[in-house]
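1. here is a sequence together with a model predicted from it:
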Amino acid sequence: MGRQSDLDVHSSIALLQERFRKLQRAKQMRQERVVLRLLSEADQIKPAATHQAPQSFFHSELILQPRPPLRRSIYGQASNSMHY
């Protein structure tokens with residue numbers, strides 16, 4: 001095996017640099033696809049959440065306990081206290 005010439009070394013370095021740039025571009029494109037997929041999934045979830053919000057609002061109204069009726073105290077003022 002002989003020594004490589006300077007031209008061979010520079011050619012090898014240039015090829016490695018080009019390969020690295022291609023790999024970097026491929027990585028960037030892959031990351032962009034992941035971001036776009038996540039955004040797409042979020043857009044699909046968001047409309048479903050807006051449709052569910054009114055339902056949960058009305059559902060919470062149904063489970064709220066009514067207030068006890070106001071009772072009159074011996075002084076004629078309204079009282080909201082419960083007698084135990």
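-> That came through fine. Numbering: from 1, shown residues only.
2. show me where the chain dips below the pLDDT cut-off.
-> Where the chain drops to pLDDT under 70, the residues are 1-3, 47-69, 71-84.
3. what ranges do the helices span in it?
-> 6-63 (DSSP state H).
4. now for Glu18, how many residues are close by?
-> 10 (other Cβ atoms under 10 Å). (Glycine included, C-beta is placed from N, CA and C.)
5. report the contact partners of it.
-> Applying Cβ atoms under 8 Å, 6 or more residues apart in numbering to Glu18 gives no contacts.
6. measure it to Ala42 for me?
-> From Glu18 across to Ala42, the span is 37 Å (Cβ to Cβ, to the nearest Å).
7. over to Arg33?
-> Taking Cβ to Cβ, one finds Arg33 at 15 Å from Ala42.
8. Leu23 now?
-> Distance, Leu23 to Ala42, using Cβ to Cβ: 29 Å.
9. and Ala26, by the same measure?
-> Plainly put, Ala26 is 25 Å away from Ala42 if you go by Cβ to Cβ.
10. next: Ser5.
-> Counting by Cβ to Cβ, the gap from Ser5 to Ala42 is 56 Å.
11. great, nothing more from me.
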